[in-house]
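Participant: Provided below are the primary sequence and the corresponding predicted coordinates.
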Amino acid sequence: MKLSGWGRYPTIDAQVTAPRSTDELANLVKEGSAIARGNGRAYGDSAVSPTNTIHMKHFNRMLAFDEESGQLVAEAGVLLADVIEAFLPRGWFPSVTPGTKFVTLGGMIAADVHGKNHHKDGSFGSYVDWIDIFTADGTVQRCSQTENTELFEWTIGGMGLTGVILRAAIRLRPVTSAWIEQTTLAADNITHAIELFENSLDATYSVAWIDCLQTGEELGRSLVMLGEHAQATSVPLRYRKQPFQMPAKRKLNIPVDVPGWVLNSFSVRAFNALYYWNGKRRPKRQIVDWDSYFYPLDSVLGWNKIYGPHGFAQFQCVIPLSQAEDGLTELLAAIASAGAGSFLAVLKRFGAQESRFSFPMEGYTLALDFPVNRKSLALMNELDSITLQHNGRFYLAKDSRMQRDVFLQSDRRAEDYSKYRRDESVSAAYSSAQSERLGL
Amino acid sequence: MRNGAVLILGARSDIAMALAHRFAKAEYDIQLAARNAESLDASRCDIELRYKVTVRLHEFDALDITSHKGVLEDLAELPTIAVCAVGYMGEQAQSERDTKAAIKVLRSNFEGPASILAELANKFAQRGSGTLVGISSVAGERGRATNYVYGSAKAGLTAFLSGLRNRLAKKGVHVVTVLPGFVATQMTDGMDLPARLTAEPDEVADAVFKAVRNRNNIIYVKPIWRLIMVIIRNIPERIFKRMKI
């Protein structure tokens, strides 16, 4: 069947099987070149193997929950949305969440996802107590910080290339309500935005939305949004008695591809300007529900279709702190001068992280979407070089088009990872279209 | 336990599991009955964690009809609702060659379900309340060359449910006959099914849940199937026998 990631690019003819037991899984892994696939929310080809994609949808059971510690044991195919639905009413929330709740736990571990709280709490991997992995030799290995540590460290952020993640124990965090107290600060330009971030390192959540078509003095004009879990006493009156209850919301669905001409630099410019001024006018402090705060795009089902039939590609890099301002300025200038704006230009501050292969490092991460066409693919190559010049690296969960030499230059750890995969005889058993493209 | 319990017979199937989730979400305790029941322990944990209801596992073999009375006696409580999702498609070609294989299909889809439903019917009638749900099939509406062994057993089940409904209506017991068309399940894995006519197990579960609540008698999961079956039932036999459908 034709298979692609969330960006709908590239589309690959792939053999997909959904095993129902570890025995069935074992037979599939024997065939080689296997990659596990969760809910298909990685943007590109990370979870696609042309000959052996293993869909984990039947491994979707939650197995145990400890009300004291917040530890949840669950199978890899469980959706984050289901975890929230089950445990938020009991006062627990994911310790780290990406911008969509339609991801699986296995996918979150494989990509070692980060959230708006990375500067404070680190990435998802910090809340994984142990993982059971179906390895290349056909056995199930439990790994953790004290047991099979090497396997554990390569698996977190290892893009599914160490084996199939079967189940894991993760820790949720206790929260005081289902609401977030949001503070919106307007930044005149990128320097100002960085200053606001650096002054807000105490905030639990922080993220900036950039109007990336501005130039000159206003380059990097943005809204910086800070968030804290609201106390039960400050949630809206209607919900104060049940601070974990949520108003029911309608979902918008985008059923068909939006024609290409709808998204042009004029419409994006208009949208961005409106959003910025609206945000600037808005009250500085607001109480918003968890779903609107963490997952604004989830309410538009199938939003990936707004980029039309050719799909879109996301560019996400991180630039180390010392070079962040220069690097971001150059990136934004290149984007603005190409006139290739994006609805979604998101800037976040990462805290320190040392890990075997995970994406985050202390610095700033910038993420943007572009419709797939020749012009934006060329622009993204340019953004790659700027990132390399500033010692940055790239997020593999978002990548669908990077060149192998760019990747290898950006990440010295790739060589070690390849060596580990060879030494443990994992390379032949597990690979994805992405790992082949990048030479992992 | 707030709304009573729902007994799900043949609990290992995808439709059965979707039903368990649907009723647990509506705050019913769940009784899962299947062969090797203990292997459903992960599902038990999952449903209990998600919906905070009690889930119990019960050993049940549809083909071992002498055990059926005992299965019901072992339940912690008589369920408010019982759903029979037992089914086995087999392979038509094999059933044609091998009578034993054909008999297994007949017994799995008719004798076994009828036997356990009969026991439940008597208990529900005695209590004077409850709902029985039988998952039958559109295949039972007209025998076709490609799956008449399975279809004839389902035809028997449909008639059996119809009779039960007729008998129990005066006793306060309701009977629902479910005629799913194609459903994307383990049973149909690898079959090339037309997407628009194929339901997901969740859709079947939703349809059954609504039918129980609204006390509907016979439901098709996707409305289009009602029309399709009207047409198929009304093709004259002399034409039908030459058709390949």
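Facilitator: Now that the structure is in, tell me what you want to look at.

Participant: got phi/psi on the residue nearest in space to the middle of chain B?
Facilitator: Chain B has residue B:135 as the residue nearest its centroid, 2.5 Å off, counting by CA atoms, centre = their mean. Here is the backbone geometry of residue B:135 (degrees, to the nearest 10): phi -90, psi 100.

Participant: which residue is the nearest non-sequential neighbour of the residue of chain A found nearest chain B?
Facilitator: In chain A, no residue comes nearer to chain B than residue A:61, which is 3.7 Å away by CB to the nearest CB. Where you see a C-beta, it was placed from the backbone N, CA and C, and this is true even at glycine. In space, and not counting its chain neighbours, residue A:61 is closest to residue B:46: 3.7 Å by CB to CB, 6 or more residues apart in numbering or on different chains.

Participant: low pLDDT regions in the stretch 201-350 of chain A?
Facilitator: By pLDDT under 70, the weakly predicted segments of the stretch 201-350 of chain A are A:247-252, A:254-266, A:268, A:340-344.

Participant: just to revisit the earlier point, next up, the contacts around the residue nearest to the centre of chain B.
Facilitator: Neighbour list for residue B:135: B:15, B:83, B:84, B:85, B:86, B:87, B:178, B:180, B:204, B:208 [criterion: CB atoms under 8 Å, 6 or more residues apart in numbering or on different chains].

Participant: can you count the residues close to the third one?
Facilitator: Neighbouring residues of residue B:84 were enumerated by other CB atoms under 10 Å in any protein chain shown; the total is 26.

Participant: got a list of what it touches?
Facilitator: Each residue near residue B:84 by CB under 8 Å, 6+ apart is listed here: B:9, B:10, B:113, B:116, B:117, B:132, B:133, B:134, B:135.

Participant: return the set of buried residues in the helix or strand that the fourth one is a member of.
Facilitator: Same thing as residue B:116. Secondary structure assignment for residue B:116, by DSSP states H and E: helix B:112-127. Buried residues in helix B:112-127, defined by neighbour count with 16 or more other CB atoms under 10 Å in any protein chain shown: B:112, B:113, B:114, B:115, B:116, B:117, B:119, B:120, B:121, B:123, B:124, B:125.

Participant: cool, and stretch A:281-292?
Facilitator: A:288, A:289, A:290, A:291, A:292.

Participant: same question for stretch A:323-333.
Facilitator: Result for stretch A:323-333 [16+ other CB under 10 Å]: buried residues A:323, A:324, A:325, A:327, A:328, A:329, A:330, A:331, A:332, A:333.

Participant: want to try JSON lines for the residues you listed, with secondary structure and distance to residue A:159 as columns?
Facilitator: Shown next, in JSON lines, are the buried residues of stretch A:323-333 (DSSP: H, G, I helix; E, B strand; the rest coil; distance: CB to CB, whole Å):
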{"residue": "A:323", "secondary structure": "helix", "distance to residue A:159": "26"}
{"residue": "A:324", "secondary structure": "helix", "distance to residue A:159": "25"}
{"residue": "A:325", "secondary structure": "helix", "distance to residue A:159": "30"}
{"residue": "A:327", "secondary structure": "helix", "distance to residue A:159": "24"}
{"residue": "A:328", "secondary structure": "helix", "distance to residue A:159": "26"}
{"residue": "A:329", "secondary structure": "helix", "distance to residue A:159": "30"}
{"residue": "A:330", "secondary structure": "helix", "distance to residue A:159": "28"}
{"residue": "A:331", "secondary structure": "helix", "distance to residue A:159": "24"}
{"residue": "A:332", "secondary structure": "helix", "distance to residue A:159": "28"}
{"residue": "A:333", "secondary structure": "helix", "distance to residue A:159": "31"}
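
Participant: show me what the helix holding residue B:116 is packed up against.
Facilitator: strand B:5-9, helix B:68-73, strand B:81-84, strand B:130-135, helix B:148-168, strand B:173-179 (3 or more CB pairs under 8 Å, 6 or more residues apart in numbering or on different chains; DSSP states H and E).

Participant: mind checking how far the third one is from the chain centre?
Facilitator: Using CA atoms, centre = their mean, to the nearest Å, the distance from the centre of strand B:81-84 to the centre of the chain it belongs to is 8 Å.

Participant: next up, phi/psi of residue A:415, please.
Facilitator: With angles defined as degrees, to the nearest 10, residue A:415 sits at phi -60, psi -40.

Participant: next up, the contacts around it.
Facilitator: By CB under 8 Å, 6+ apart, residue A:415 lies in contact with residue A:408.

Participant: wait, what's in contact with residue B:58?
Facilitator: B:31, B:32, B:33, B:34, B:37, B:71, B:74, B:75.

Participant: for ChimeraX, write the select line for the buried members of the residues you listed.
Facilitator: Burial among those is assessed by 16+ other CB under 10 Å; the matching ChimeraX selection reads:
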select /B:31,32,33,34,37,71,75
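
Participant: now, the contacts of residue B:58 that are in strands?
Facilitator: B:31, B:32, B:33, B:34 (DSSP state E).

Participant: make a markdown table out of those residues and add distance to chain A and pLDDT.
Facilitator: Listed next are those as a markdown table, based on distance: CB to the nearest CB, whole Å; pLDDT from 0 to 100:
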| residue | distance to chain A | pLDDT |
| --- | --- | --- |
| B:31 | 18 | 98 |
| B:32 | 13 | 98 |
| B:33 | 19 | 98 |
| B:34 | 14 | 98 |
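
Participant: tell me the buried residues in stretch B:49-57?
Facilitator: Buried residues in stretch B:49-57, counted by 16+ other CB under 10 Å: B:49, B:50, B:51, B:53, B:54, B:55, B:56, B:57.

Participant: could you do stretch A:355-363 as well?
Facilitator: With burial defined by 16+ other CB under 10 Å, the residues of stretch A:355-363 counted as buried are A:355, A:356, A:357, A:358, A:359, A:360, A:361, A:362, A:363.

Participant: next, the distance between the ends of it.
Facilitator: End-to-end distance for stretch A:355-363: 15 Å, by CA to CA, to the nearest Å.

Participant: do stretch B:205-221 as well
Facilitator: Distance across stretch B:205-221, first residue to last, is 9 Å (CA to CA).

Participant: got a list of contacts for it?
Facilitator: Contacts for stretch B:205-221 (CB under 8 Å, 6+ apart): B:15, B:18-19, B:21-23, B:26, B:81, B:83, B:131, B:133, B:135, B:138, B:165, B:174-181, B:183, B:199, B:203-204, B:226, B:229.

Participant: which element, helix or strand, includes the nearest residue to residue A:325 once chain neighbours are set aside?
Facilitator: Nearest residue to residue A:325, sequence neighbours excluded (CB to CB, 6+ apart): residue A:194, at 5.7 Å. Counting by DSSP H and E, the element that carries residue A:194 is helix A:190-198.
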